[in-house]
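*Asks:* can't give you the sequence, but here's the structure:
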């Protein structure tokens with residue numbers, strides 16, 4: 001192996017170790033039989049039992065799942081329509097559509113969180129809670145779905161849709177029988193991405209959650225302010241496993257969507 005390749009592999013392994021070793025430590029110490037979790041004492045699975053007996057954690061997990069599924073469902077519908085519009089109509093007043101759809105994706109989360117907070121309180125006079133979190137998650141998820149759907153459409157032959165119209169299919173029939181089946185992997189990938197982004201979100205959620213409403217990331221944060229108990233490691237491990245599974249499924253359904261530029 002050439003000297004340049006050795007340095008390249010060394011640098012790559014160092015980067016991956018920097019990224020994944022902390023995650024491995026979290027998983028390993030979720031099985032640590034120690035209340036303080038400062039040093040390895042022994043192997044146990046009791047922290048997972050404790051986790052599923054924690055009412056506050058279960059409530060936060062239920063809120064996160066409800067918000068994630070709801071936000072992903074609504075964002076998938078709206079994002080799919082936006083992705084189709086981005087691909088097919090690029091003239092006139094719709095020239096600004098890419099800017100409107102993709103701005104929440106490019107905007108820093110803290111800025112988006114503050115903007116939504118001010119909008120909810122000063123414009124809508126909305127009481128912060130599950131509804132405000134749901135709206136916020138839908139807002140930042142739509143752009144991701146639109147990108148995935150647009151990439152999927154860009155890889156299709158436009159003559160397929162023209163042939164359907166030539167054979168007498170109307171716009172809705174063309175969409176239902178031709179367009180939707182062809183873009184379905186991208187739509188499903190967009191749903192999984194939205195779900196993953198929603199259930200993991202902390203920065204935006206902390207601005208729009210309000211008092212008395214918590215999600216899983218907020219609950220974890222409130223626990224680690226006191227001490228990092230193995231219960232936190234356990235819930236982090238489960239959340240990590242869910243997130244990685246959904247990301248793997250999304251990349252399998254639409255392998256080009258996560259690496260292609262809009």
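*Replies:* Right, received. Where do you want to start? Not measured: the values here are computed from a predicted model.
*Asks:* only C-alpha atoms for contact and neighbour calcs from this point on.
*Replies:* Fine.
*Asks:* residue 141: neighbour count?
*Replies:* Burial measure for residue 141: 30 neighbouring residues, criterion other C-alpha atoms under 10 Å.
*Asks:* isn't it up against residue 194?
*Replies:* Yes: using C-alpha atoms under 8 Å, residue 141 is in contact with residue 194, at 5.3 Å.
*Asks:* where does pLDDT dip in the stretch 101-250 of the chain?
*Replies:* For the stretch 101-250 of the chain, the stretches flagged by pLDDT under 70 are 226-227, 250.
*Asks:* which residues are in contact with each of residue 141 and residue 194?
*Replies:* The contact sets of residue 141 and residue 194 overlap at 71, 72, 75 (C-alpha atoms under 8 Å, 6 or more residues apart in numbering).
*Asks:* was I right to think the second one contacts residue 187?
*Replies:* No: in terms of C-alpha under 8 Å, residue 72 does not count as a neighbour of residue 187; the distance is 10.7 Å.
*Asks:* buried residues in the longest helix along the chain, which are they?
*Replies:* In the chain, ranked by residue count with DSSP state H as the criterion, the top helix is helix 55-88. Buried residues in helix 55-88, counted by 16 or more other C-alpha atoms under 10 Å: 57-61, 63-87.
*Asks:* same check, this time on stretch 224-240
*Replies:* Counting neighbours by 16+ other C-alpha under 10 Å, one finds that the buried residues in stretch 224-240 are 228, 229, 230, 231, 232, 233, 234, 235, 236, 237, 239, 240.
*Asks:* what do you get for stretch 109-121?
*Replies:* For stretch 109-121, by 16+ other C-alpha under 10 Å, it's 109, 112, 113, 114, 116, 117, 120.
*Asks:* burial measure for the nearest residue to the fourth one once chain neighbours are set aside, as a count.
*Replies:* Distances taken as C-alpha to C-alpha, 6 or more residues apart in numbering put residue 207 closest to residue 114, at 6.5 Å, once the chain neighbours are dropped. The criterion is other C-alpha under 10 Å. On that basis, residue 207 has 20 neighbouring residues.
*Asks:* can you pull the contacts of residue 207?
*Replies:* Neighbour list for residue 207: 113, 114, 117 [criterion: C-alpha under 8 Å, 6+ apart].
*Asks:* that one looks like it's in a helix, true?
*Replies:* Yes: Residue 207: assigned to a helix according to DSSP: H, G, I helix; E, B strand; the rest coil.
*Asks:* gap between it and residue 251?
*Replies:* 30 Å (C-alpha to C-alpha, to the nearest Å).
*Asks:* nearest residue to residue 31 in space, please, no chain neighbours.
*Replies:* Spatial nearest neighbour of residue 31, chain neighbours left out: residue 44 (5.0 Å); criterion: C-alpha to C-alpha, 6+ apart.
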